[in-house]
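K.L.:
Dropping the sequence and predicted coords here.
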Amino acid sequence: MPEVLRYTAFSDDPAGGNPAGVVLDAAGLTDREMLATAAEVGYSETAFLVPRDGEARTYDVRYFAPEAEVAFCGHATVASGVALAEHVGPGPLTFRTPAGTIEVDTVEQDGRLWATLTSVEPEIVPADVTLVAEVLAALGWTRDDLDPRYPLSCANAGVWHLVLVTRTRERLATLSYDFDRLRDLMQRAHLTTLQLVWPDHYGTYQSRNPFPVGGVVEDPATGAAAAAFGAYLAHHGLVAPDAAFSIEQGVDMGRPSLIHVALSADTPRVRVSGKAVPL
């Protein structure tokens with residue numbers, strides 16, 4: 001197995017955040033070897049980086065979950081950015097991913113390294129009503145559990161997520177679902193995670209993200225879904241064009257994470273920021 005660095009992203013506490021594997025030089029590894037490495041590491045994703053010849057601070061990046069490759073992963077991007085900042089110094093980075101080019105900026109603040117990714121151009125489409133009904137059934141939820149102020153949509157800022165906003169924190173806290181049934185539904189709909197959200201009373205969003213298509217019950221922090229959710233809110237006019245907000249995730253799993261999201265009136269691309277620390 002290649003050398004795998006281990007970081008937790010969207011936290012400065014090793015007991016929080018979402019762990020990710022990072023391989024800083026994956027040159028020569030086959031798809032099968034990368035998938036086997038990700039499965040052995042056992043985190044929701046491991047990022048495999050290959051430096052691009054003649055292009056300073058630019059990398060080809062691929063992401064593997066234990067059971068499948070994914071086109072983009074936010075928390076592994078943040079982890080990789082911080083890992084590179086520790087090895088080559090803070091500053092701008094460019095990641096060439098299967099989802100498109102992701103610009104990553106790394107800085108040190110108050111003794112901690114932060115990484116900010118800028119998403120690809122997002123896309124928002126109405127969710128198929130049959131898909132929503134089937135997903136709700138797999139979750140053991142009903143339409144009455146959803147907040148009607150938030151349109152049923154699928155959002156993509158690198159990969160696709162179905163956005164479901166609950167009326168209550170209690171509904172979010174009692175997440176339990178049929179793993180195989182939901183995985184099969186999501187695979188047919190080309191969804192990477194579900195973005196399950198409750199808007200609290202302080203301008204922050206609480207989130208949970210089932211990830212059965214990757215062989216993982218739930219992610220404690222999902223940067224790709226956070227970017228997609230920011231684009232979703234902007235698309236539906238639910239926040240100001242230049243809004244900034246935070247998402248708390250992983251709380252119900254005992255791995256609290258904090259994801260910072262920023263929008264701009266000048267571009268639909270979404271910026272997602274967080275800390276990461278070695279494990």
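P.N.:
Alright, I've got the coordinates. Numbers count the residues shown, from 1 in each chain.

K.L.:
Just confirm Leu5 contacts Ala83, I think it does.
P.N.:
Yes - Leu5 lies in contact with Ala83 (Cβ atoms under 8 Å); the separation is 5.3 Å. (Each C-beta comes from the backbone N, C-alpha and C, glycine too.)

K.L.:
Quickly list what's touching both of the two.
P.N.:
Val22, Leu24 (Cβ atoms under 8 Å, 6 or more residues apart in numbering).

K.L.:
Neighbour count: those two, which is higher?
P.N.:
Neighbours were counted for Leu5 and for Ala83 using other Cβ atoms under 10 Å; Ala83 has more, 24 against 19.

K.L.:
Are we agreed that the more buried one is in a helix?
P.N.:
Yes - using DSSP: H, G, I helix; E, B strand; the rest coil, the assignment for Ala83 is a helix.

K.L.:
Enumerate every residue touching the spatially closest residue to it that is not a sequence neighbour.
P.N.:
Leaving aside its sequence neighbours, Ala83 sits nearest to Val22 (Cβ to Cβ, 6 or more residues apart in numbering; 4.7 Å). By Cβ under 8 Å, 6+ apart, Val22 lies in contact with Val4, Leu5, Arg6, Tyr7, Thr46, Ala47, Leu49, Ala76, Ala79, Ser80, Ala83.

K.L.:
try 6 Å
P.N.:
Leu5, Ala47, Ala79, Ser80, Ala83 (Cβ atoms under 6 Å, 6 or more residues apart in numbering).

K.L.:
any idea how the protein splits into domains?
P.N.:
5-118, 123-268 (automatic domain parsing).

K.L.:
Tell me which helix or strand the residue at the greatest distance from the centre of the chain sits in.
P.N.:
Going by Cα atoms, centre = their mean, the residue of the chain most distant from its centre is Gly54, 29.7 Å out. Here Gly54, judged by DSSP states H and E, is contained in no helix and no strand.

K.L.:
how about the strands in the stretch 151-279 of the chain?
P.N.:
Using DSSP state E, counting those that start in this stretch, the strands of the stretch 151-279 of the chain run over residues 153-156, 160-165, 193-199, 204-211, 216-219, 244-249, 257-264, 267-278.

K.L.:
Much appreciated, bye for now.
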